[in-house]
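When you get a sec, could you give me coordinates for this:
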Amino acid sequence: MFVSEYGKELWTRLDISSFPFDKSLNGFQIETPDRELGKAAFAVDASFETIDRAIDEGADVLVVHHGLFWGEPIAIRGAHYRRVKRAIDGGLSLFAVHLPLDAHPLLGNNAQIALRLGMTAFDPFAQFHGRNIGYKGSLPFPMTVPEIARLLSFTPESGTEVLKFGPDMVSSVGIVSGEGGDDIYEAIDEGLDLLITGVAPHEIYHAAKENGINVLAGGHYQSEVFGVKALERLTKAEWGIDTVFIEAGTGL
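Numbering: from 1, shown residues only. All right, here's what the predicted structure looks like:
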């Protein structure tokens, strides 16, 4: 399989064309189309560190959730130049997939969090530009917020914040990875016990307190490792490609 063929498989599998409103430049941001794919690397963020480590690992493509280009041209200079140059010099393609990897009903960050919590059925949640990005549903049995945090590897080191204003035993949850804190209002309307997200902005504090809902914000990075790891497993299982996940946590 060539790198370009692999990119087409991801594009179709993740239904990327259905997200024209995504400010991310989804798909190949750097492409070496005639290169055979022997190894694929996966990371949450495209940074000099992850690009450099992917090349050192012998990867032909790096698949990330957060790419290098976001909606408008950016001068290729300074640190941005060093990232792009390192990738091109190393023959590394860069494939980014943002909102489609949040929203996918099986491989996405939010569906994968639901599955990690043992949820066997969940419904769309958290509408954005007419599309639902997150999921909501019932846990297989009531859990405490600390128990849920442990299952998701949300720790103080990952940047976890908790607003504990809802029931001690959580039965229903809404899940929106990354910057999903503003979806608390939909969670309140749905009568959910807990909103799981990456970041809790200051302005939702009183909404949570006054409406009696818990918020578990595990850190933007840590809430978005699930999708790229699911893509890594898919790549290895379905296409037999050697893979590596590059851990580069930010604590944020």
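
those helices in the stretch 101-250 of the chain, which residues are they?
Under the criterion DSSP state H, counting those that start in this stretch, helices of the stretch 101-250 of the chain are mapped to 109-116, 145-151, 184-190, 205-211, 225-239.

Now these in a markdown table, please, with extra columns for distance to Ile246, mean neighbour count and mean pLDDT.
Quick note: C-beta positions are derived from backbone N, CA and C, even for glycine. Shown next, in a markdown table, are those (distance: least, CB to CB, whole Å; neighbours: other CB atoms under 10 Å; pLDDT from 0 to 100):
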| stretch | distance to Ile246 | mean neighbour count | mean pLDDT |
| --- | --- | --- | --- |
| helix 109-116 | 17 | 24 | 98 |
| helix 145-151 | 23 | 16 | 98 |
| helix 184-190 | 32 | 18 | 97 |
| helix 205-211 | 34 | 15 | 98 |
| helix 225-239 | 9 | 19 | 98 |
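
Spatially, what comes nearest to Ile184 if we skip its sequence neighbours?
Among residues not flanking Ile184 along the chain, Ile204 sits closest, at 4.8 Å (CB to CB, 6 or more residues apart in numbering).

from what I can see the one you found touches Asp182, true?
Yes - the criterion here is CB atoms under 8 Å, and Ile204 meets it with Asp182 at 6.9 Å.

which of these two has more neighbours?
Ile204 (22 against 17; other CB atoms under 10 Å).

pull the longest strand from the chain.
strand 131-143 (DSSP state E).

what angle separates that one from helix 109-116?
20 degrees (axes from the mean of the first three to the mean of the last three CA atoms, to 10 degrees).

Distance of the residue nearest to Ala111 when sequence neighbours are not counted relative to Gln127?
Once flanking residues are discounted, Ala111 sits nearest to Pro105: 5.4 Å by CB to CB, 6+ apart. Per CB to CB, to the nearest Å, Pro105 is found 15 Å from Gln127.

what helix or strand does Val63 sit in?
Taking DSSP states H and E as the criterion, Val63 maps to strand 61-66.

hmm, back to that, other residues contacting the longest strand of the chain?
Taking contacts as CB atoms under 8 Å, 6 or more residues apart in numbering, the residues outside strand 131-143 that touch it are 18-19, 99, 102-103, 105, 110-111, 114, 117-127, 148, 151, 169-177, 180, 183, 187, 190, 192.

All good on my end, thank you.
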